[in-house]
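Participant: sequence first, predicted model second:
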Amino acid sequence: MDLEFFDAPRPFLDAAGDLLAADPVLGSVIASVSERTARELEDGRDSWAEVGAPFDRWWLAVRDDSGAVVSAAMRTAPFKPHPTFAMPMSDDAARALAAALHERGEFLGGANGALPGAEVLARATAELAGGEMVSDKGTRLWEATSVVVPPAPEGRLRQATEDDADLVLAWFGAFHAEADEQAGREPDPASGEHNTRESVLVRIREGVEWLWELPDGTVAHLTGAGLPSYGVARIGPVYTPKELRGRGIASYVVGELTRRGLEAGSRMCLFTDRANPTSNKIYAGLGYEPVVDMAEHLVRTPGQA
């Protein structure tokens, strides 16, 4: 087994492309983030320069004894504790990764991704650092091979425009806070994907953010539908303000965007919080089926809150 680190996305994608293509749903997060970062760099932008992380971001290909890439991971999250995200990984590879990072003095404060590898990585990191591992949140990856689109509510579906950027950014933040509330957790503004107005504008220009507008012009809902990577598009986030829920908007929009993606030839997937029975029930009713359970883990060291 060999761990091959990369400091740029294109060489990593060249090395791990066969693995990502062979299991593109499991690899959708790593593939989409890597391709987005590659596009950004090719456009002459590097948002990582603004993160201020105490390490250089990296991508990882895990090779078996024959040299074939059998797993992949990345540490590119722009928010603390800058967790890794990994595809299914053997226990030996996870422990080797923890040891490699410890040896070079890079503290890993969180490990996300497929189980059990992500948990093994976090636990091994905690043991090496003299700390403890904390299981933070369980997630589930779903895929729809067919979809049942419910009746459309009153209103219309439209792509977000640059004029909607401030609203979209605000709703991204509200989505993460309210997802914690719905799952019975204390909202943590430091958790989840972090966005800026510029990153939102990039997504809007890519045409991946969709809004539901009521007949009176009120914008009532947001759903993201990412660009396909290796033939897979991922839905999310999905957000409706509390006062506008209960009208079937989210179910219809997710169902309709899923239908459009499938008809365009993409495989469609999304993540749910395993602690939120409402969203799990809604997506199962649309036709999504569980693929794999994942989890987010934190590593605490003595002196940390």
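Facilitator: In hand now; what should we look at? This is a predicted model, so every value here is computed, not measured.
Participant: okay, now the residue nearest to Phe5 when sequence neighbours are not counted: neighbour count?
Facilitator: Leaving aside its chain neighbours, Phe5 sits nearest to Trp58 (5.2 Å; criterion: C-beta to C-beta, 6 or more residues apart in numbering). For the C-beta atoms, the positions are set from N, CA and C on the backbone; glycine is no exception. As a burial measure, Trp58 scores 17 neighbours (other C-beta atoms under 10 Å).
Participant: pretty sure Trp58 sits against Ala77.
Facilitator: No - the pair Trp58 and Ala77 does not pass the contact test of C-beta atoms under 8 Å, sitting 11.6 Å apart.
Participant: let me know the pLDDT of the residue nearest to Phe5.
Facilitator: Predicted confidence (pLDDT) for Trp58: 98.
Participant: if it is in a bridge, with which residues?
Facilitator: For Trp58, the beta-bridge partners are Arg75 (DSSP bridges).
Participant: any idea how far Glu35 lies from Glu206?
Facilitator: To Glu206, Glu35 is 11 Å away according to C-beta to C-beta, to the nearest Å.
Participant: who has more neighbours, those two?
Facilitator: When Glu35 and Glu206 are compared for neighbours, Glu35 comes out ahead with 19 against 12, by other C-beta under 10 Å.
Participant: which residues touch the more buried one?
Facilitator: Listed by C-beta atoms under 8 Å, 6 or more residues apart in numbering, the contact set of Glu35 reads 9, 13, 227, 229.
Participant: can I get the buried part of the residues you listed as one PyMOL selection?
Facilitator: The buried subset of those, as determined by 16 or more other C-beta atoms under 10 Å, is captured in PyMOL by this line:
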select buried, resi 9+13+229
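Participant: and which of the contacts of Glu35 is nearest Gly248?
Facilitator: Set against Gly248, the nearest of the contacts of Glu35 by C-beta to C-beta is Leu227 (26.9 Å).
Participant: any buried residues in the helix or strand harbouring Ala38, and which?
Facilitator: Using DSSP states H and E, Ala38 maps to helix 28-42. Within helix 28-42, the residues scored as buried using 16+ other C-beta under 10 Å are 28-38, 40.
Participant: got the CA positions of that helix in CSV?
Facilitator: Provided in CSV are the C-alpha atoms of helix 28-42 (Å, rounded to 0.1, in the frame of the first residue of the first chain):
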residue,chain,number,x,y,z
SER,A,28,-19.1,12.6,-6.0
VAL,A,29,-17.9,15.0,-3.3
ILE,A,30,-14.3,14.5,-4.0
ALA,A,31,-14.8,14.6,-7.8
SER,A,32,-17.0,17.7,-7.8
VAL,A,33,-14.9,19.7,-5.3
SER,A,34,-11.7,18.8,-7.2
GLU,A,35,-13.1,19.7,-10.6
ARG,A,36,-14.5,23.0,-9.2
THR,A,37,-11.1,23.8,-7.7
ALA,A,38,-9.4,23.0,-10.9
ARG,A,39,-11.7,25.3,-12.9
GLU,A,40,-11.1,28.0,-10.3
LEU,A,41,-7.3,27.7,-10.6
GLU,A,42,-7.5,27.6,-14.4
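Participant: any residues touching stretch 117-135, and which ones?
Facilitator: With C-beta under 8 Å, 6+ apart as the test, stretch 117-135 has contacts from 71, 84, 86, 88-91, 93-95, 97-99, 101-102, 107-108, 110-112, 294-302, 304.
Participant: try it again with 6 Å
Facilitator: Applying C-beta atoms under 6 Å, 6 or more residues apart in numbering, the contact partners of stretch 117-135 are 86, 88-89, 91, 94-95, 97-98, 102, 108, 111-112, 297-301.
Participant: ok, stretch 290-297 next?
Facilitator: Under C-beta under 6 Å, 6+ apart, the answer for stretch 290-297 is 25, 111-115, 119, 122, 133, 135-143.
Participant: on that earlier part again, could the buried residues of helix 28-42 go into a markdown table alongside distance to Ala160?
Facilitator: Conversion of these to a markdown table gives the following (distance: C-beta to C-beta, whole Å):
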| residue | distance to Ala160 |
| --- | --- |
| Ser28 | 22 |
| Val29 | 22 |
| Ile30 | 25 |
| Ala31 | 23 |
| Ser32 | 18 |
| Val33 | 20 |
| Ser34 | 24 |
| Glu35 | 21 |
| Arg36 | 17 |
| Thr37 | 22 |
| Ala38 | 23 |
| Glu40 | 19 |
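Participant: and which of those is nearest to Gly67?
Facilitator: Checking those against Gly67 with C-beta to C-beta, the nearest one is Ile30 at 19.9 Å.
Participant: now do the same contact list for the closest one.
Facilitator: The neighbours of Ile30, taking C-beta under 6 Å, 6+ apart as the test, are 72, 74.
Participant: nothing else from me, thank you.
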